[in-house]
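1. Provide a 3D model corresponding to the input given below.
(2 chains)
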Protein chains: 2
Amino acid sequence: MFDIATTSNPELEASLRKKIDSKTKPIGSLGILEDLAFKMGCIQNTEIPKIELPTIAIFAGDHGIAAKGEVNPFPQEVTSQMVYNFINGGAAINVFSKTNGLNLEIIDAGVNHTFPKDSNIVNAKMAFGTKNYQYEPAMSLGQCKEALKKGSDIVEKIHDKGSNTIGFGEMGIGNTSSASLLMAYFTNTPIATCVGSGTGLNKEGIGKKAQILSEVSEKYTPKTPLDALSTFGGFEIAMLCGSILKASSLKMCIVIDGFIVTSALLAAKAINENVMDYCVFAHNSNEQGHVKMLDFLNVKPILSLGLRLGEGTGAALAIPLLRASVNFLNDMASFESAGVSNEI
Amino acid sequence: MFDIATTSNPELEASLRKKIDSKTKPIGSLGILEDLAFKMGCIQNTEIPKIELPTIAIFAGDHGIAAKGEVNPFPQEVTSQMVYNFINGGAAINVFSKTNGLNLEIIDAGVNHTFPKDSNIVNAKMAFGTKNYQYEPAMSLGQCKEALKKGSDIVEKIHDKGSNTIGFGEMGIGNTSSASLLMAYFTNTPIATCVGSGTGLNKEGIGKKAQILSEVSEKYTPKTPLDALSTFGGFEIAMLCGSILKASSLKMCIVIDGFIVTSALLAAKAINENVMDYCVFAHNSNEQGHVKMLDFLNVKPILSLGLRLGEGTGAALAIPLLRASVNFLNDMASFESAGVSNEI
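-> Take a look at the predicted model:
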């Protein structure tokens, strides 16, 4: 379905390492930025990587389980209200995208609301929210495949506009529950460890959420990654999964945001391991499962700001550091060119 | 000498907290950015803080002890070579300042070299490097006071140009030794705990450095903060100390960089505790003493990127996050204005 090449190229890797070490700084002294510069070079298969039209794509969708309000402190209507907020430029992701010069695309993956036709939003609606997985799978396997394809098509369009760097975000009241279920499935972790406060549950609320999701988790035995994705949803997560797969096949740099986007990556990685070659990790979220996801993936996030907002805010905030890493690789003087002594 | 007001203002603090919590996001979900927005508001005594002409000021100076090459893997000449690199735009701090839209000022605080008169550099030279504190104090008390004054004057000029946000950086082969000695003095920590690899010493080198600095530390018993600053130097650190004091008195936001700049802050804080009200902490450096300095100050850094370069690079990389924090405070919609439900 997706043809994703590994970035492995020992010759380029050696020359990138040499180039980084020739810069006028003690070896290794730019820390994570050196790793990022190296990775960007590998992804773009060049010693002079560039960031073009960096874009944040936010996928929004509603969740069957959220209608009951048992796992989510905010009511389901907040999903569509927040999408209007995105459209009107008032959300955190709007502000951060503007601050950091990022292109922003908002996608209706399956919100329980009909937006006006002239809204500045990509209409990829699968349905008015998923089914409640307490009773039946969130979506059919056919819907899941369609969502993957829609995500893939959206990323292709963004790529066609000239973007080579994409950060993903999401909005969907109830979607930390989906992400927790997917985490439990793909990382083989007890569900209680995967459940956190979401948009602000207290201890009692978290306990109740864990109890409900534990029952859901036991109810199903998905056989394949797509099975799991269909069962636990949501539409925005399935679309994110397709987007990640497509962005990798297009050799874009993918900036992974928080808990929900990482759950989509877990599914994408189970489908094709090579996606990891194209991902950088923006931050570790304060949603408790996220750090464990990152540990499972054996990756190190760029930022640790105590965020737990989603929307792609962590990705938007990390892109200036990605930009700094590419720029130092391209624009810093070498010891030789600057006439700086590096005999130690 | 410096008139520094506390930013404490309970009424404003309450209204800032209310404004932050009214934004369309779960309470606290922007983590450290909420703290930064709050602090910027307090510093500027307003609910609508702004970042104007953000500037990085790098102070460069040479160190008597470095001439012998016992504590520094790079030769002393690298200080002046790197200053030329700053002038020519080839260093990491040039790249990061350009990437993030920052004004950059380079100051010769006491480099062992005469730069051409038409160099794009502020000439505040105190001498051609400090004395070697293995034998005598790095500078006289009179010189120390003069360096403070020069730093203060430089910051005043930057402020007069319209800057209200300043990050400090430094360059000086051997200056982690000064910073270690100052850390030991001001935080009352055994010198061995304060000594790290600097620009790249190995374990044996660190041991030798610790031994030498231990002897230096025992040789003197400074009675006052200025005594300690004079004894252990360097000129760039004394100038940084004066700069921090002046920037605070001008109610500028001060972005503290790594190990050396923080050592200057330790001295400034010992002179006037209120400087802390104006400081944000860019990152924790990989120089081992830095985390302990931050713990001593009871502050939390914004970034943790494994940097150990100095030059103000951490400050330059943190400023986009400061910008994002101010922008969300000013530009995000509130629950009320966006019509988003916040009943939990």
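2. so where is chain A shaky, pLDDT-wise?
-> A:343-344 (pLDDT under 70).
3. what about 90?
-> By pLDDT under 90, the low-scoring segments of chain A are A:1-2, A:68-74, A:197-201, A:286-288, A:341-344.
4. where do the strands sit along it?
-> Defined through DSSP state E, the strands belonging to chain A, from first to last, are A:55-61, A:103-110, A:122-123, A:165-171, A:253-256, A:279-281.
5. what does the shortest one rub up against?
-> Around strand A:122-123, the neighbours that count as contacts under CB atoms under 8 Å, 6 or more residues apart in numbering or on different chains are A:105-108, A:115, A:154. To be clear about C-beta, it is placed using only N, CA and C from the backbone, and glycine gets the same treatment.
6. rewinding a little: same list, the strands of chain A, but as JSON lines with distance to residue A:313 and mean neighbour count please.
-> Output for the strands of chain A, formatted as JSON lines (distance: least, CB to CB, whole Å; neighbours: other CB atoms under 10 Å in any protein chain shown):
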{"stretch": "strand A:55-61", "distance to residue A:313": "9", "mean neighbour count": "30"}
{"stretch": "strand A:103-110", "distance to residue A:313": "12", "mean neighbour count": "24"}
{"stretch": "strand A:122-123", "distance to residue A:313": "20", "mean neighbour count": "16"}
{"stretch": "strand A:165-171", "distance to residue A:313": "7", "mean neighbour count": "30"}
{"stretch": "strand A:253-256", "distance to residue A:313": "11", "mean neighbour count": "28"}
{"stretch": "strand A:279-281", "distance to residue A:313": "14", "mean neighbour count": "25"}
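7. select, out of the ones you listed, the one closest to residue A:323.
-> When these are compared by CB to CB, strand A:165-171 sits nearest residue A:323, at 9.0 Å.
8. send over that closest one as CSV, restricted to the C-alpha atoms.
-> As requested, C-alpha coordinates have been extracted for strand A:165-171 and formatted as CSV (Å, rounded to 0.1, in the frame of the first residue of the first chain):
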residue,chain,number,x,y,z
THR,A,165,8.3,19.2,6.5
ILE,A,166,5.0,18.4,8.2
GLY,A,167,3.8,18.4,11.8
PHE,A,168,0.6,16.7,12.7
GLY,A,169,-2.0,17.7,15.2
GLU,A,170,-5.5,16.7,16.2
MET,A,171,-8.6,17.7,17.9
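9. residue A:130 touches residue A:62, doesn't it?
-> Yes: proximity of residue A:130 to residue A:62 meets the contact threshold set by CB atoms under 8 Å, at 7.1 Å.
10. before we move on, the earlier item: closest one to residue B:147 among the strands of chain A?
-> strand A:279-281 (42.3 Å).
11. and the closest one, what other elements does it pack with?
-> Under the contact definition 3 or more CB pairs under 8 Å, 6 or more residues apart in numbering or on different chains; DSSP states H and E, strand A:279-281 sits against strand A:253-256.
12. just checking: what are the partner strands of the strand it packs on?
-> Note on strand A:253-256: by DSSP bridges, its sheet partners are strand A:165-171 (parallel), strand A:279-281 (parallel).
13. export those strands to TSV and tack on distance to residue B:293?
-> Listed next are the strands paired with strand A:253-256 as TSV, based on distance: least, CB to CB, whole Å:
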stretch	distance to residue B:293
strand A:165-171	33
strand A:279-281	28
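14. the ones you listed: which one's closest to residue A:319?
-> In this view, the strands paired with strand A:253-256 are compared for proximity to residue A:319 by CB to CB, and strand A:165-171 is the closest at 6.4 Å.
15. how far does that closest one sit from its chain's centre?
-> Using CA atoms, centre = their mean, to the nearest Å, we find the averaged C-alpha position of strand A:165-171 to lie 5 Å away from the chain's own average C-alpha position.
16. can you check stretch A:218-237 too?
-> Counting by CA atoms, centre = their mean, stretch A:218-237 comes out at 18 Å from the chain centroid.
17. and that stretch, C-alpha only, in CSV?
-> The C-alpha trace of stretch A:218-237 is given here as CSV (Å, rounded to 0.1, in the frame of the first residue of the first chain):
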residue,chain,number,x,y,z
GLU,A,218,-10.9,-6.9,27.0
LYS,A,219,-14.0,-7.0,24.6
TYR,A,220,-11.9,-7.1,21.4
THR,A,221,-8.9,-9.1,20.1
PRO,A,222,-7.8,-7.3,16.9
LYS,A,223,-5.7,-9.5,14.7
THR,A,224,-3.9,-6.8,12.6
PRO,A,225,-2.9,-3.1,13.0
LEU,A,226,-5.8,-2.1,10.8
ASP,A,227,-8.2,-4.2,12.9
ALA,A,228,-7.0,-2.4,16.0
LEU,A,229,-7.2,1.0,14.3
SER,A,230,-10.8,0.3,13.1
THR,A,231,-11.9,-1.0,16.5
PHE,A,232,-10.5,1.8,18.7
GLY,A,233,-10.7,4.7,16.2
GLY,A,234,-11.0,7.6,15.7
PHE,A,235,-11.3,8.9,12.2
GLU,A,236,-8.7,11.6,12.9
ILE,A,237,-6.3,9.0,14.2
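18. buried sites along it?
-> The neighbour-count check on stretch A:218-237 (16 or more other CB atoms under 10 Å in any protein chain shown) flags A:220, A:222, A:225-237 as buried.
19. the contacts of strand A:122-123: which two are farthest apart?
-> A:115 and A:154 (16.0 Å).
20. between those two, who's got more neighbours?
-> Neighbour tally, residue A:115 and residue A:154, criterion other CB atoms under 10 Å in any protein chain shown: the higher count belongs to residue A:154, 21 against 18.
21. picking that back up, from the buried residues of stretch A:218-237, which land in helices?
-> Among these, the members found in helices (DSSP state H) are A:225-232, A:235-237.
22. ok, which pair from those is furthest apart?
-> Among those, the pair separated by the greatest distance (CB to CB) is A:227 and A:236, at 18.4 Å.
23. quick check, residue A:44 in contact with residue A:277.
-> No: if you go by CB under 8 Å, residue A:44 and residue A:277 don't touch, sitting 11.7 Å apart.
24. neighbour-wise, which of those two wins?
-> A direct count of neighbours by other CB under 10 Å for residue A:44 and residue A:277 places residue A:44 higher, at 21 against 17.
25. please report how far the closest residue to residue A:121 other than its chain neighbours lies from chain B.
-> With CB to CB, 6 or more residues apart in numbering or on different chains as the criterion, residue A:121 has its nearest non-adjacent residue at 4.7 Å, and that residue is residue A:106. Between residue A:106 and chain B the distance is 14 Å, computed by CB to the nearest CB, to the nearest Å.
26. how about the residues of the stretch 101-250 of chain A near chain B?
-> By CB under 8 Å from any CB of the partner chain, the part of the stretch 101-250 of chain A that sits against chain B consists of A:199-200.
27. quick one: the helices in the stretch 101-250 of chain A?
-> Assigned by DSSP state H, counting those that start in this stretch, the stretch 101-250 of chain A shows helices spanning A:141-160, A:175-187, A:191-194, A:203-219, A:225-232, A:235-249.
28. just name the most buried of these.
-> Comparing these by mean neighbour count (mean count of other CB atoms under 10 Å in any protein chain shown), helix A:235-249 ranks first with a mean of 31.
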